[in-house]
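Student: sequence and computational prediction follow.
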Amino acid sequence: MLRGLFNFIIFSSLYVACCAILMIWQTNTLLHIGDINEAYYFFVFCSTICSYNFHWYLTPADYSTSERILWGARHKTLQLTLCALGAVGAAYGFWLLKEHWLPLAGAAVLTFLYSAPKLPQRAFVWLRKIAIGKTLFLTAVWIYVTTLLPVFIEKQPYSPTILFLTLHRFFLVYAICILFDYRDLESDKKEGIRSLITYLSAPGLKKLYIGSLVLATIFALALFPVDGWMLTIILLAPVVITALLTRYAIRNRSDHFYYFVLDGMVMLSALLHFIIATLA
């Protein structure tokens, strides 16, 4: 029963939706956005549920032993239901935030581009040939939604904190996405979807991965003036843990490891930040 509940939370994308909410909370805290419209949290949560279930609904189980994909194949109706409920909630959230329709529309386009290559229509099949699209689209949408959109909605003025936080998160998420791409190499090839793994050589990919983690570290250190060593350590925690888990991630194909542990790295600093702020 507990395993079934855990699988539902992870594979229904409730977990990843909560990750996004925590990251937005950290953005608001670091940038002192005190009056962020609560409708935005609702919009992001529902949009994440909708987009991820749409993506996994389109993912075939023909050439995969992935527990998540096989779970989705057994729960197609549930995925469609969650996608529909998420779409209704996202539409309502969009209406509440309609004065910000342009930046919100940008998030919708980026999200759609991530899943579009899985659609069978000819208009979208060509997207499978775009070399780094899959990884770049996913990273871009996560950073745009969790870091930049709250700034746009609340009309925050530019500051180095915004820039460094955006770049730190971008390179951390990008490194994590590279690990996912490596794991999905065979299934992507069979679906005809190109990614960094199918485009770069092994040495080139390793350099890109290490370079991303190094840049994530540099921009975390650049945020030291914001709140001292406490914040810096919090931001560096997921970078260090991801680096330590690299060898295990390359050798391991466990969906629970990837979709709980590695996905959790994107929000680990936000979770630690929230716990410390709550206890303070």
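Tutor: Noted; the coordinates are in hand.
Student: what's R253 sitting at in phi/psi?
Tutor: With angles defined as degrees, to the nearest 10, R253 sits at phi -120, psi 10.
Student: how many other residues sit next to it?
Tutor: 13 (other Cβ atoms under 10 Å). Any C-beta I mention is one placed from the backbone N, CA and C, and that applies to glycine too.
Student: was I right to think Y182 contacts I250?
Tutor: Yes. Y182 lies in contact with I250 (Cβ atoms under 8 Å); the separation is 6.4 Å.
Student: tell me which of those two has more neighbours.
Tutor: Y182 (17 against 11).
Student: state the distance from that one to S66.
Tutor: The gap separating Y182 from S66 is 14 Å, by Cβ to Cβ, to the nearest Å.
Student: so how far is T147 from L208?
Tutor: 21 Å.
Student: neighbour-wise, which of the two wins?
Tutor: Using other Cβ under 10 Å, the more surrounded residue of L208 and T147 is T147, with 23 against 16.
Student: and Q156, helix, strand or coil?
Tutor: coil (DSSP: H, G, I helix; E, B strand; the rest coil).
Student: count the neighbours of it for me.
Tutor: By the other Cβ under 10 Å criterion, the neighbourhood of Q156 contains 18 residues.
Student: nearest residue to the middle of the chain?
Tutor: Ranked by distance to the mean C-alpha position of the chain (Cα atoms, centre = their mean), the top residue is W142 at 4.6 Å.
Student: for that one, which non-adjacent residue is spatially closest?
Tutor: V173 (5.2 Å; Cβ to Cβ, 6 or more residues apart in numbering).
Student: what residues are up against the one you found?
Tutor: L138, T139, W142, I143, V266 (Cβ atoms under 8 Å, 6 or more residues apart in numbering).
Student: quick check: the last one touching I143?
Tutor: No. Using Cβ under 8 Å, V266 and I143 do not qualify as a contacting pair, with a distance of 9.9 Å.
Student: mutual contacts of these two, please.
Tutor: Joint contacts of V266 and I143 (Cβ under 8 Å, 6+ apart) are R169, V173.
Student: what distance do you get for V88 to N53?
Tutor: Distance from V88 to N53, by Cβ to Cβ: 13 Å.
Student: just want to know which of those two has more residues nearby.
Tutor: N53 (25 against 12).
Student: what comes up buried for whichever strand or helix holds that one?
Tutor: Assessed by DSSP states H and E, N53 sits inside helix 38-58. Residues of helix 38-58 classed as buried: 39-57 (neighbour count, 16 or more other Cβ atoms under 10 Å).
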